[in-house]
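**Student:** what follows is a predicted structure for the sequence shown.
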Protein chains: 4
Amino acid sequence: MIKVGIVGGTGYTGAELLRLLSQHPDVEIVVVTSRSKQGVLISEIFPNLRGHMQHVFTSLDIEHLVNCDVVFFATPHGVAQSLVPEVLAKGIKVIDLSADFRIRDIETWEHWYNQRHIAPELAKIAVYGLPEVNRNKIRHANLVACAGCYPTSIQIGLLPLLASRSISTGDIIANSASGVSGAGRQANISNLLSEVGDSFKAYAGSGHRHLPEIEQGLSDIAGKAVTVTFVPHLLPISRGIHSTIYTRLNDLNVDVQSIFEEHYKEEAFVHVLPPGSHPETRSVRGSNFCHIAVHQPGNDGRVVVFVTEDNLTKGASGQAIQCMNLMFNLPEESGLAFPGLLP
Amino acid sequence: MIKVGIVGGTGYTGAELLRLLSQHPDVEIVVVTSRSKQGVLISEIFPNLRGHMQHVFTSLDIEHLVNCDVVFFATPHGVAQSLVPEVLAKGIKVIDLSADFRIRDIETWEHWYNQRHIAPELAKIAVYGLPEVNRNKIRHANLVACAGCYPTSIQIGLLPLLASRSISTGDIIANSASGVSGAGRQANISNLLSEVGDSFKAYAGSGHRHLPEIEQGLSDIAGKAVTVTFVPHLLPISRGIHSTIYTRLNDLNVDVQSIFEEHYKEEAFVHVLPPGSHPETRSVRGSNFCHIAVHQPGNDGRVVVFVTEDNLTKGASGQAIQCMNLMFNLPEESGLAFPGLLP
Amino acid sequence: MIKVGIVGGTGYTGAELLRLLSQHPDVEIVVVTSRSKQGVLISEIFPNLRGHMQHVFTSLDIEHLVNCDVVFFATPHGVAQSLVPEVLAKGIKVIDLSADFRIRDIETWEHWYNQRHIAPELAKIAVYGLPEVNRNKIRHANLVACAGCYPTSIQIGLLPLLASRSISTGDIIANSASGVSGAGRQANISNLLSEVGDSFKAYAGSGHRHLPEIEQGLSDIAGKAVTVTFVPHLLPISRGIHSTIYTRLNDLNVDVQSIFEEHYKEEAFVHVLPPGSHPETRSVRGSNFCHIAVHQPGNDGRVVVFVTEDNLTKGASGQAIQCMNLMFNLPEESGLAFPGLLP
Amino acid sequence: MIKVGIVGGTGYTGAELLRLLSQHPDVEIVVVTSRSKQGVLISEIFPNLRGHMQHVFTSLDIEHLVNCDVVFFATPHGVAQSLVPEVLAKGIKVIDLSADFRIRDIETWEHWYNQRHIAPELAKIAVYGLPEVNRNKIRHANLVACAGCYPTSIQIGLLPLLASRSISTGDIIANSASGVSGAGRQANISNLLSEVGDSFKAYAGSGHRHLPEIEQGLSDIAGKAVTVTFVPHLLPISRGIHSTIYTRLNDLNVDVQSIFEEHYKEEAFVHVLPPGSHPETRSVRGSNFCHIAVHQPGNDGRVVVFVTEDNLTKGASGQAIQCMNLMFNLPEESGLAFPGLLP
């Protein structure tokens, strides 16, 4: 059994880690920390876990983590960078779900997150946790920086086109929409049901923190600089991301459907739907799957890719566990193979 | 034109007052206060009012209110009682939407609201703002304590039965459900969309603050003590209250449908639906109307009354304006006669 | 491996059987029938099953079922009764999710379902599929009539009180609310999102088909006739049932919390929450668990029980699989032990 | 008083016409037809209108329309073209909310709607009902073909840029999302709450019927051919359209915010929000207003325009009444000036 610690267990990615890891056949949850809820039963905060976990939240003390094989950080940005060096020094692997180690260029990170980075050397050695792109590196990593929710959907939606050099890298628009759980479990008027329920809007129209991660990831895939216009929107649902990606083929005669099917035929968690399909967020709700469909609405080379995922699962905690499975030489689908909750 | 001031304009009952009063043909909004948003354009906080109001939130200063004919308090409990005496002393009428003056028995109020009441003498002279019960007193009132959202639906659902002495007063259950806006516009994890969306639960199962108001109001109507079991529930919608009231007839031969139709035939805002109907919250969404239906599921005297209202309109701000219309001798429906937003 | 057939695979209880059985470690799905979708890939209709099932819907032909050990009927009422005799005659066990065999009194069934019953002798021998009440009979049954969604929540909410003779049997109100999936996957204006979304209403106020099942089940538990006032409501969500049950203690000194905890301490799928709790539908979303809390809002013997379940899981397909596990001597939790999807 | 007839009163655009016209100070509703609901009280189908209308649905008989000054067609496509010639011949004005007369090129219409057009000569003379573009022609029209819901949002979002020749006409993407009421009030599995609630997806990814209307309208504005990539999405709400429009400036130095503010400064129903804003559908819910914001996320000339409207109001019935006001020389805001329902 892999001994697991979770730092920051009261947020939504923490809750999702707990839901998934409590059922993982090869995992024993050793410790779950929380600054605000020390001593409280986890199942009191997340009653769905009643009967599945008897744990109590503990304080964040490095001594609590020393018996772990791996520690997940499900914390706001800025926290992991202050603790990870010490954890790694104890020989414990780390999977960080926050943005702390996703961006290699520290100035870029400091610009978008508006603070000094404390552990820039780790940002350079962290392995980017997107298994469909980086599987082998993840297997040997001690520090994985899990891909963000929007960036996962956009990279998976463009990977076959960029890897096959089928599109130009200068004409990409990613129009995405996310459920509200992506904003975290914070007391905040702007995410009240009465504010965002029964409504829809764009946000961060002039630039979102995930943009540099998206461009870095796509550039890595393409082997050259890729620029993107990225606009996120807020859906009146809790879970789910849908990205609608607009790009243009270099060659009108290429068979785009085949490029996607071929690229993903061995991937456990990425399904390319038949031509004419429209993936829906509910089909992957609560699961680690991505659904993709590709359309060509005109005869002018325009390609539109639809990608759906659950932002808390494939977009965060499920992906983190997929990385853990790789790091510990388990079957990649271990604990993650169940279907989405439909209806 | 009636000159109106609103104290506490950034909550949901404030927003609803602004929506309604900005269209009222006989009202001029003079001042809207906010502690947290002084100097901010109202239409920046509530963009639906863009083009309808040019006002800016001001500080809460008695000098700002002196030109008003009437001041609405749309504040958390405890605020109005500290300011109303001074406002009344200036000869300005007051309509309080909070709970400060609803309960005549001060000990009861202090027990449920867990604080000292500063103006107990006003609680005794305040007129209870439920026009269907108290119309004439409201006409002559200087201080109206608007009925609460749940209590409005429950009193309107029982008024014809109690007034006609058709039911016993010791066997009443009020099972109610409210949209989340009833909990106010506060930064609070428990009202995030990701907490209450796509879910349903009861709350305050061992006792809710509206219980003493409900029992006081029903006792006033019945002319004797009425006790109620009241259980509120939280709906995954913003607006709307539905009360399902269970009681028992004294006389099995009474024609309950007629009692309701007869009682409300002159009421502008209460519609008794035809036999067999089931009122829905959406039919009164955004309107000042109540819809009622009465069922008798067995032959044993059991009566079930369904009542729907919009908690922010008939349950709060619409009712407050209905009271204002009475206090200023305007037609009771003035500014309130439009239908609900369906679908 | 148990060989399973599903008759009626395109409705919501069919979809839920497929979601659950596709992951059940001891089950092989042999055949899934559909009148309207023969030859269509199941994963085309339910894309969440893509990658989990390669099956195609087949016609409903008894020859397709002969290799099964057990057949689930997930059909509208009236269908199972016309086919089950033949299936049983082949030595195949049957688990019926419809209402066909739930009511022993055929006249009552014919009254509420407004048609002749074709197989009344089977209604008499069918075992009622509510394991918490009927576990041993289910183990030896060849025909199980699964408990309905509302009746499951109400019987589980009252079982400890009736079994302990703590309440009178003549003063019970069950005020329930269900997600829209309970109405089935039928083309019907009244269940469009634009009709029932963002709204709430009661329905069947003068009597619902589940009433005789509820009263039969409670009477069986109590050993004497129990009558209930039952009023269902429609929630603007897909999944989830919440029942609020009002009854009255015979003895004010009884410890109600202990009665519930004691009664359910060995039950895998029923959790009694701590005093003061309020179960929510989301905590059991997609799971086979029931959450219960008990309140006593006054000092007058009034007891209020809150019960939540997922109407498609514990209220239908999960419960059917729980019955199957019993009938085939598997661990009762097999394939059902995972937690609800929260948030 | 203008005497109004409504053909097709049981759909959502019919319901919205009734809600709005029942409150219009200058309108008398004379007749409302329905094939399926003849003789039924309108307020039985739309209970929000109880107390606001005593009308009964009548059969569609030209004799019922002869006393009207204007007839609205709120019918599925194909119906208006079969009746409008006769209505116009009686000297009655017609406002068609369907797609029958929106497309001047009949072959294009027949291609997308897959049927023969019966009245092609009327399609040529019909005036396109988008007042912000066509105000003067509408004033003198006898037949107005109201702009579609998506096309309204997209044309209003691009009008200032095209009119000022600020963008190229070959690089436009309109990524739109609509509430489910846009799909009409039809019995259809795919619009059940349990299918589209708590989910999000694109649809018509390879081409939507509104595309030719959008391109015709934009080309009219630009004075030359405009091509668009248009992808609609389905929101889990009833009302609301949000369009996110991507285009590119010809000249990087142009002040885009000023272009919009200047263009719309006299428009009653179009509000350009301050720089940095993100319009939300709820701010215009139930109202005839459009909210617009403009962003420039890079320094490369990329412009992103956000537009929100209520698809049933400004996107259909409100706009139809705005056209009626123009045709009858009433103030353009008559009956339409109230704010959106927020929260």
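**Tutor:** Right, received. Where do you want to start? These numbers were taken from a predicted model, which means no experiment stands behind them. Numbering: from 1, shown residues only, chains lettered A, B, ... in the order given.
**Student:** which bits of the stretch 151-300 of chain A sit near chain B?
**Tutor:** Contact residues, the stretch 151-300 of chain A versus chain B (Cβ under 8 Å from any Cβ of the partner chain): A:179-181, A:185-189, A:191-198, A:236-238. Every residue, glycine included, has its C-beta placed from N, CA and C.
**Student:** can you get me a residue count around the closest residue to A:G240 other than its chain neighbours?
**Tutor:** Here the nearest residue to A:G240 in space, its sequence neighbours aside, is A:T281; by Cβ to Cβ, 6 or more residues apart in numbering or on different chains that works out to 3.0 Å. Counted with other Cβ atoms under 10 Å in any protein chain shown, the burial measure for A:T281 works out to 26 neighbours.
**Student:** what's the single longest helix in chain A?
**Tutor:** helix A:149-163 (DSSP state H).
**Student:** can you name the residue of the stretch 201-343 of chain A nearest to chain B?
**Tutor:** Using Cβ to the nearest Cβ, the closest approach of the stretch 201-343 of chain A to chain B is made by A:S238 at 4.4 Å.
**Student:** where does chain A have its least confident helix or strand?
**Tutor:** The helix or strand with the lowest mean pLDDT-type score in chain A, counting by mean pLDDT, DSSP states H and E, is helix A:62-65 (a mean of 90).
**Student:** tell me which other helices or strands the helix or strand following that helix touches.
**Tutor:** The C-terminal neighbour of helix A:62-65 among helices and strands, as given by DSSP states H and E, is strand A:70-73. Packing contacts for strand A:70-73, counted by 3 or more Cβ pairs under 8 Å, 6 or more residues apart in numbering or on different chains; DSSP states H and E, involve strand A:2-7, helix A:80-89, strand A:93-96, helix A:318-327.
**Student:** just put the ones you listed in a markdown table and tack on mean pLDDT.
**Tutor:** As requested, the helices and strands packed on strand A:70-73 are exported to a markdown table (pLDDT from 0 to 100):
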| stretch | mean pLDDT |
| --- | --- |
| strand A:2-7 | 98 |
| helix A:80-89 | 96 |
| strand A:93-96 | 98 |
| helix A:318-327 | 98 |
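**Student:** and these: which comes nearest chain C?
**Tutor:** Evaluated with Cβ to the nearest Cβ, those place helix A:318-327 nearest to chain C, the distance being 12.4 Å.
**Student:** what's the helix or strand containing A:V31 packed up against?
**Tutor:** In this structure, A:V31 is located in strand A:27-33 according to DSSP H and E. On a contact count with 3+ Cβ pairs under 8 Å, 6+ apart, strand A:27-33 meets strand A:2-7, helix A:12-21, helix A:62-65.
**Student:** got the CA positions of that strand in CSV?
**Tutor:** As requested, the backbone C-alpha atoms of strand A:27-33 are provided in CSV (Å, rounded to 0.1, in the frame of the first residue of the first chain):
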residue,chain,number,x,y,z
VAL,A,27,-3.5,3.5,-1.3
GLU,A,28,-3.6,4.0,2.4
ILE,A,29,-4.4,7.6,3.5
VAL,A,30,-2.2,8.4,6.4
VAL,A,31,-2.7,12.0,7.1
VAL,A,32,-4.9,14.9,5.9
THR,A,33,-4.1,18.4,7.1
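**Student:** residues contacting the next helix or strand after that strand, please?
**Tutor:** Read in the C-terminal direction, the helix or strand following strand A:27-33 is helix A:42-45, with elements assigned using DSSP H and E. With Cβ atoms under 8 Å, 6 or more residues apart in numbering or on different chains as the test, helix A:42-45 has contacts from A:9-10, A:18, A:32, A:37, A:49-57, C:274.
**Student:** export helix A:42-45 to PDB, keeping only CA atoms.
**Tutor:** Written as PDB, here are the backbone C-alpha positions of helix A:42-45 (Å, rounded to 0.1, in the frame of the first residue of the first chain):
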ATOM      1  CA  ILE A  42     -13.400  14.700   7.700                       C
ATOM      2  CA  SER A  43     -16.800  13.100   7.300                       C
ATOM      3  CA  GLU A  44     -18.400  16.000   9.100                       C
ATOM      4  CA  ILE A  45     -17.100  18.500   6.500                       C
END
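**Student:** now that helix, how far from the chain's geometric center?
**Tutor:** On the basis of Cα atoms, centre = their mean, to the nearest Å, helix A:42-45 is displaced by 24 Å from the centre of the chain it belongs to.
**Student:** ditto for stretch A:312-325
**Tutor:** Its chain's C-alpha centre and that of stretch A:312-325 lie 7 Å apart, by Cα atoms, centre = their mean.
**Student:** next one: stretch A:68-85
**Tutor:** Going by Cα atoms, centre = their mean, the spacing between the C-alpha centre of stretch A:68-85 and its chain's C-alpha centre is 16 Å.
**Student:** show me the contacts for A:G9.
**Tutor:** By Cβ under 8 Å, 6+ apart, the contact list for A:G9 reads A:A15, A:L17, A:L18, A:V32, A:T33, A:S34, A:K37, A:I42, A:F57, A:A74.
**Student:** also A:A174?
**Tutor:** In this structure, A:A174 makes contact with A:Y150, A:I154, A:G157, A:I214, A:V228, A:T229, A:F230, A:V231, A:S243, A:T244, A:I245, A:Y246, judged by Cβ under 8 Å, 6+ apart.
**Student:** swap in 7 Å and give it another go.
**Tutor:** With contact taken as Cβ atoms under 7 Å, 6 or more residues apart in numbering or on different chains, A:A174 is in contact with A:I154, A:I214, A:V228, A:F230, A:S243, A:I245.
**Student:** and it, what are its bridge partners?
**Tutor:** For A:A174, the beta-bridge partners are A:F230, A:I245 (DSSP bridges).
**Student:** any bit of stretch A:103-120 sitting next to chain D?
**Tutor:** No. Among the residues of stretch A:103-120, none lie within reach of chain D under Cβ under 7 Å from any Cβ of the partner chain; the closest is 13.5 Å away.
**Student:** report the separation between the two terminal residues of that stretch.
**Tutor:** Terminal residues of stretch A:103-120 are spaced 10 Å apart (Cα to Cα, to the nearest Å).
**Student:** same deal with stretch A:228-242?
**Tutor:** In stretch A:228-242, first residue to last residue: 17 Å (Cα to Cα).
**Student:** quick one: it to chain centroid distance?
**Tutor:** Stretch A:228-242 has its C-alpha centroid displaced from the chain centroid by 13 Å (Cα atoms, centre = their mean).
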